[in-house]
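Peer 1: only the shape, not the letters, is given here:
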C-alpha cells in the first residue's frame, strides 16, 4: 500500500517523521514564551533542515519562527491533531 500513517498527536517531531507532520504544537523543550499564541495553539512546518534539527513554523496566530526538532537534543515541537 502507498498509504503513510501520520505521526500520532503528542509524539515528538523528529528527523525521521518531520516530512509526514501535518500540524504541530509546543513540545517538552519549549522555552519560547507565547510565540506560538498559547499552549494549545497549532502551527504548520514551512521548511526544515534535518542536518541542523531546526524547522520554520507558521502558527495559526500568523507568527513565524524557527524551532528545534532535535538540535542539541531539544524538541520544541510535538505533533498535533490537524483537525482540532
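Peer 2: Great, that's in hand. Just so you know, these numbers come straight off a predicted model, no measurement behind them. Residues are numbered from 1 along each chain as shown.

Peer 1: tell me what residue 45 is bridged to.
Peer 2: In this entry, residue 45 is beta-bridged to residue 57, by DSSP bridges.

Peer 1: pLDDT wise, what is it at?
Peer 2: Residue 45 carries a pLDDT score of 97 in this model.

Peer 1: residue ranges in this structure under the pLDDT threshold?
Peer 2: Applying pLDDT under 70 to the chain picks out residues 1.

Peer 1: strands along that one, start to end?
Peer 2: In the chain, the segments counted as strands under DSSP state E are 24-26, 43-49, 54-59, 64-68, 77-79.

Peer 1: give me the angle between the third one and strand 64-68.
Peer 2: Here strand 54-59 runs at 140 degrees with respect to strand 64-68, directions being taken by axes from the mean of the first three to the mean of the last three CA atoms, to 10 degrees.

Peer 1: over to the longest one?
Peer 2: For the pair strand 43-49 and strand 64-68, the angle between their directions (the same axes, to 10 degrees) equals 60 degrees.

Peer 1: quick revisit: including distance to residue 4, could the strands of the chain go into TSV?
Peer 2: Every C-beta, even on glycine, is put in place using the N, C-alpha and C of the backbone. Output for the strands of the chain, formatted as TSV (distance: least, CB to CB, whole Å):
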stretch	distance to residue 4
strand 24-26	17
strand 43-49	16
strand 54-59	19
strand 64-68	23
strand 77-79	14
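
Peer 1: and those strands: which comes nearest residue 17?
Peer 2: strand 77-79 (7.4 Å; CB to CB).

Peer 1: mind listing what the closest residue to residue 37 other than its chain neighbours touches?
Peer 2: The shortest distance from residue 37 to any non-neighbouring residue, by CB to CB, 6 or more residues apart in numbering, is to residue 61 (3.4 Å). For residue 61, the contacting residues are 36-37, 41, by CB atoms under 8 Å, 6 or more residues apart in numbering.
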